[in-house]
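> please work out how this folds:
(one chain, ligands or ions: 1)
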Amino acid sequence: MYFIGHFFQIGHEPHKRFTKWARSLGDIYSVQMGQQNWIILTSDKVVGELLQQRGGKYSTRLPSHYTFQILTRGKGYAGSPYNERYKKLTPIMHKILGQRSVRENSDLLNDEFRILMQNLCQESEKAKDEFEDLMRQHLEISKTTNRLSEFFPILKWFPNNKLQNTIIENRDSLEAFLGKLVKEVIDDNEKKPYDNEKKPCVIRGLLHKKDEGILDDLDIIYLMDRIYLVNPIYLINEIFAAGTDTVSASLTWLTATLANIPHVQSKAHQELDRVIGQSRIPEVSDEQNIPYIRAIIKESQRYCGPLYLGVPHGIEEDDEYNGYHIPANSVVILNQYGIHMDENRYENSKEFKPDRFLGFTESSATLANGKYENRDHFAFGAGRRLCTGIHMACITYGVSRLLWCFKIENASSLGNDENASSLGNDGKPIPINLNKVRFGITVWPEEYKVRFVKRHDNVEKVLSGQSQ
Ligand code: HEM
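So this is what the prediction gives:
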């Protein structure tokens with residue numbers, strides 16, 4: 001039994017099991033996952049006191065053979081141990097993804113959101129492009145069930161060649177895909193080296209760091225002719241991998257939720273009509289003036305943030321905390337779901353109530369760096385490994401634009417909708433199913449149909465810039 005521990009007791013919804021256990025065992029306890037010791041943290045206090053206040057100890061990631069060593073050739077960032085290389089990369093990542101970068105890249109963000117909205121206007125079935133498929137597979141590979149050898153080291157003697165080949169295939173395709181992007185930027189730089197008018201660009205920023213010698217020493221590259229390309233690829237890959245599934249899952253949850261709660265949506269629409277009007281679309285700078293929509297975003301990250309158990313931290317040396325012994329090499333889990341559903345922290349926690357956040361005027365980033373008891377939620381993690389993209393996620397901006405353009409309707413309540421029958425067609429809102437969990441990574445709602453209905457006649461004109 002020692003070798004298996006609680007592995008098979010946590011079931012398909014580990015966040016719920018861990019939360020149930022926390023209600024009887026307390027806000028810190030350990031479970032044995034095969035040969036790994038997991039420490040489960042289920043209150044703002046233990047998260048604040050360990051991950052934040054003892055950040056120097058609790059900020060590593062334990063090595064993962066498949067997802068770190070093979071998938072990212074040991075050069076990733078989010079999965080990296082807390083070592084010298086990680087510390088060297090951190091300021092670069094913050095520069096690329098920080099608040100200033102959001103301001104400087106607002107043209108690019110506008111363009112991206114414009115394209116998304118235009119696609120929605122045309123009700124085009126969004127084509128699953130090559131990149132989206134690769135990313136989905138990339139994250140699928142990280143599933144816990146694919147990493148059994150981390151829990152049961154004996155399995156290392158029986159290598160899973162099929163899994164290994166899939167990982168290598170995915171890695172090579174992503175490298176080729178990202179390599180093309182980097183090459184385009186290099187070619188462009190060579191053609192127009194002194195063009196200061198070039199649009200800001202993440203890849204160009206990283207190449208500068210390479211020119212300055214900062215990234216050069218970090219990676220030993222395997223193929224000489226790819227040296228120029230591969231150095232920044234792992235960072236770009238990290239930014240894409242960490243930033244795509246999380247944001248799209250958040251938006252999917254949010255649209256599914258809003259479709260079911262018309263009174264919340266109509267309050268948001270009223271705010272937009274009052275503050276923005278009908279002749280222009282919200283900008284990044286409008287964020288301060290739309291407190292209700294900001295509160296909706298905070299509530300949606302609490303209610304259905306995409307990573308119920310965060311990204312595991314690790315501890316490399318023994319520690320003592322309130323009489324508990326925390327052994328070196330334990331995995332430390334921030335049980336976001338358990339904290340977010342705690343009645344003592346959030347009254348009526350099972351209800352979607354944006355009003356609970358109306359008094360929270362600070363951004364999640366500012367609150368995450370302050371006192372743990374004042375935090376809005378824990379969707380972006382905690383401590384030194386806090387989500388680097390916390391500014392770049394820009395959800396308030398995206399959602400304010402989405403709601404300016406559309407009313408989101410529950411397709412199942414639209415009577416004769418041909419897809420409605422599969423979703424139940426009794427006219428009542430469908431409860432959102434929180435069950436579909438891919439353990440360890442992003443959580444998506446069950447397939448869910450919503451319909452976007454344009455709110456103004458001029459939506460397309462405004463989007464194409466004609467009536468701004
Ligand atoms: C709603 C959207 C997002 C959510 C909920 C989210 C959540 C998280 C969480 C929980 C972590 C782990 C934190 C910890 O270990 O305590 C993380 C790490 C990270 N995120 Fe995000 N994220 C989001 C969007 C983004 C975006 C848009 C980017 C980049 C453009 C990004 C880049 C990263 C990176 C690089 C890390 C690794 C940080 C490290 O290990 O030091 N994230 N994110």
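> mind checking the SS state of residue 248?
Secondary structure state of residue 248, per DSSP: H, G, I helix; E, B strand; the rest coil, is helix.
> how near is it to residue 105?
19 Å (Cβ to Cβ, to the nearest Å). Where C-beta positions appear, they are placed from N, C-alpha and C, glycine not excepted.
> which one's more surrounded, those two?
Taking other Cβ atoms under 10 Å, residue 248 and residue 105 do not tie; residue 105 has more neighbours (21 against 16).
> distance of that one from residue 177?
21 Å.
> ditto for residue 266
For residue 266 relative to residue 177 (Cβ to Cβ), the value is 42 Å.
> helix, strand or coil for residue 314?
strand.
> nearest residue to it in space, ignoring adjacent ones along the chain?
Nearest non-adjacent residue to residue 314, counting by Cβ to Cβ, 6 or more residues apart in numbering: residue 62, 4.0 Å away.
> per-residue pLDDT, that neighbour?
Residue 62 is assigned 85 on the pLDDT scale.
> residues contacting it?
Contacts for residue 62 (Cβ atoms under 8 Å, 6 or more residues apart in numbering) come out as 36, 81, 150, 312, 314, 329, 331.
> surely the fifth one meets residue 327?
By that I understand residue 314. No: Residue 314 lies out of contact with residue 327 (Cβ atoms under 8 Å); the separation is 11.5 Å.
> between these two, tell me which one has more neighbours.
The residue with more neighbours, out of residue 314 and residue 327, is residue 314; 21 against 12, by other Cβ under 10 Å.
> hey, what's the more buried one bridged with?
When assigned by DSSP bridges, residue 314 has beta-bridge partners residue 60, residue 331.
> touching the helix or strand harbouring residue 40 from outside, list them.
Using DSSP states H and E, residue 40 maps to strand 36-41. Applying Cβ under 8 Å, 6+ apart, the external contacts of strand 36-41 come out as 18, 21-22, 27-32, 47, 50-51, 62, 150-151, 312, 315, 326-327, 329-335, 338.
> compare residue 266 and residue 177 (neighbour count), which wins?
More crowded of residue 266 and residue 177, by other Cβ under 10 Å: residue 177, with 16 against 11.
> what residues does the protein put near the ligand?
77-78, 93, 97, 238-239, 242-243, 246-247, 250, 305-307, 310-311, 313, 334, 379-382, 385-389, 392-393, 395 (Cβ under 6 Å from any ligand atom).
> the helices in the stretch 351-468 of the chain, which residues?
Ranges of helices within the stretch 351-468 of the chain are 364-368, 395-405, 459-463, based on DSSP state H, counting those that start in this stretch.
> give me whichever of these is most buried.
helix 395-405 (a mean of 23; mean count of other Cβ atoms under 10 Å).
> ok so, going back, narrow the contacts of strand 36-41 to those in strands?
Among these, the ones falling in strands (DSSP state E) are 28-32, 315, 326, 330-334.
> my read: residue 78 touches residue 310, true?
No: with contacts counted by Cβ under 8 Å, residue 78 stays clear of residue 310, the gap being 11.4 Å.
> ok, those two, which is more surrounded?
residue 310 (24 against 19).
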